[in-house]
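> give me coordinates for this.
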Amino acid sequence: MTIITLLSGDLIGIIRHALADRTLMYFMIVFTAISYAAISTYMQLVKRFGGVAAVLLTTARKGMTLVLSFLLFPKKFSWYYVAGAILVLGSLLYVSIYKHHQRSKALSGISQSEAERLPLKSTDIELGLTTKAKEIS
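Numbers count the residues shown, from 1 in each chain. Here you go, the predicted structure:
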């Protein structure tokens, strides 16, 4: 995207405008720093807890934003909001429980001595999983 804005000339124009308007430059710097921190945090969530947990957390954040929006800016309420939240959060919860059940099932099929001989990665140790159990799930 940066290459396209550079080729179209928009990137040079916005840099000139930001140099002329210090407030805009500060907003761009703060926005970039916050975006970097947010994306890095999200990627750490995905790496440590998996994609389902990260999506569940971001969906919960969006739900909280919706609740705060209703509290701070009164508007007509619709039960579609509640139904949509239940469908999204319920399906994510189902997938998370299903994956946990599959992992537990895979671990129960491995004898203790077999599990001790399997190599572990650092993320496996944090999650309490063996490599064979991860391959199954």
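> please name the nearest non-neighbouring residue to Ala54.
Closest residue to Ala54 apart from its sequence neighbours, by Cβ to Cβ, 6 or more residues apart in numbering: Leu45 at 4.2 Å. No exception for glycine: its C-beta is placed from N, CA and C like everyone else's.
> how close does the one you found get to Ala38?
11 Å (Cβ to Cβ, to the nearest Å).
> also Phe77?
29 Å.
> quick revisit: name the helix or strand for the residue nearest to Ala54, please.
helix 22-49 (DSSP states H and E).
> identify each buried residue in that helix, please.
Residues of helix 22-49 classed as buried by neighbour count (16 or more other Cβ atoms under 10 Å): Leu45.
> next SSE after it?
Counting by DSSP H and E, the element after helix 22-49 in chain order, helix or strand, is helix 51-72.
> could you name the helices and strands sitting against whichever helix or strand comes after that next one?
Later in the chain than helix 51-72, the nearest helix or strand by DSSP H and E is helix 79-108. The helices and strands touching helix 79-108, judged by 3 or more Cβ pairs under 8 Å, 6 or more residues apart in numbering; DSSP states H and E, are helix 51-72, helix 131-136.
> returning to what we had before: show me the contacts for the residue nearest to Ala54.
Ala53, Ala54, Leu57 (Cβ atoms under 8 Å, 6 or more residues apart in numbering).
> just the C-alpha atoms of stretch 66-76, please, in CSV.
Coordinates of each C-alpha in stretch 66-76 appear next as CSV, following Å, rounded to 0.1, in the frame of the first residue of the first chain:
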residue,chain,number,x,y,z
LEU,A,66,-21.1,-1.7,21.5
VAL,A,67,-22.3,-1.8,25.1
LEU,A,68,-20.4,1.4,25.9
SER,A,69,-21.8,3.0,22.7
PHE,A,70,-25.4,2.3,23.9
LEU,A,71,-24.6,3.6,27.4
LEU,A,72,-22.9,6.8,26.2
PHE,A,73,-24.9,7.6,23.1
PRO,A,74,-28.6,6.5,23.5
LYS,A,75,-30.1,4.9,20.4
LYS,A,76,-32.9,2.5,19.5
